[in-house]
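A.B. asks: here's my sequence, what's the structure:
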Amino acid sequence: MNTQLNIAVSVTLFLAAAMPLFAQHPRAPLQRLPQTITTSPPSSPQTKEVSKAEISAGIKKHIDSYTRKSSDRKFHINYRGKDLALDLVKVHDDRLSNLGSGKYFACVDMKATNGTIYDIDFFMAGEPGSMKITETSVHKINGKALYNWKEEGGVWKKLRVS
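C.D. replies: Below is the predicted model of the structure:
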């Protein structure tokens, strides 16, 4: 019995000492480094991190530019075959998002001449000062959602509200 206990303790101590070796991540095999080091310019320029303030300024600039060119000084969007003529009420600064890869999201409230409030979602791409709108959609009418957002595998998708 004493021999079995000694063997069990010995094996336990051996395994306890060896566990840190097994717990490490595998490593790449050692490689021989070249004697001279050459450098080359980066293959793509680094993208600047865009702030929420820049996203807000970008959407305001887009809406302002559009309304100055419009004959009635309104922002127009087509919704279900109807042309909506809208005025900017508010940019939802709390919902602005940098989506990465030079893509951004903005949500704004706009008001029609009849008093209806439309929540409009904008997707933009580009650099600050020259962002272009890639998608626009009516998200809510007078606070009632037409769709919601759900993240699936790191991608945001629209879910229709029934």
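
A.B. asks: who are the contact partners of the spatially most central residue of the chain?
C.D. replies: Most central residue of the chain, judged by C-alpha distance to the mean C-alpha position with C-alpha atoms, centre = their mean, is Leu99 at 2.0 Å. With contact set as C-beta atoms under 8 Å, 6 or more residues apart in numbering, Leu99 has these partners: 105, 123. (Each C-beta comes from the backbone N, C-alpha and C, glycine too.)

A.B. asks: which strand or helix spans it?
C.D. replies: In the assignment (DSSP states H and E), Leu99 maps to strand 97-100.

A.B. asks: partners of that strand in the sheet?
C.D. replies: Based on DSSP bridges, the strands next to strand 97-100 in the sheet, each with its direction, are strand 103-112 (antiparallel).

A.B. asks: let me see the mean pLDDT of the strand it pairs with.
C.D. replies: Strand 103-112 comes out with an average pLDDT of 94.

A.B. asks: neighbouring strands - and their directions - for the helix or strand following that strand?
C.D. replies: In the C-terminal direction, the helix or strand that comes right after strand 103-112 (DSSP H and E) is strand 117-125. According to DSSP bridges, strand 117-125 forms sheet pairs with strand 103-112 (antiparallel), strand 132-141 (antiparallel).

A.B. asks: closest to Lys60 out of these?
C.D. replies: For the strands paired with strand 117-125, distance to Lys60 was read as C-beta to C-beta. The smallest value, 8.7 Å, belongs to strand 103-112.

A.B. asks: can you list the buried residues in the closest one?
C.D. replies: 104-110 (16 or more other C-beta atoms under 10 Å).

A.B. asks: hang on, isn't His62 packed against Ala125?
C.D. replies: No: taking C-beta atoms under 8 Å as the contact criterion, His62 and Ala125 are not neighbours in contact, 11.8 Å apart.

A.B. asks: can you check which residues contact both of those two?
C.D. replies: Met131.

A.B. asks: between those two, which has more neighbouring residues?
C.D. replies: His62 (18 against 15; other C-beta atoms under 10 Å).

A.B. asks: state the helix or strand in which the more buried one lies.
C.D. replies: With DSSP H and E as criterion, His62 is part of helix 52-69.
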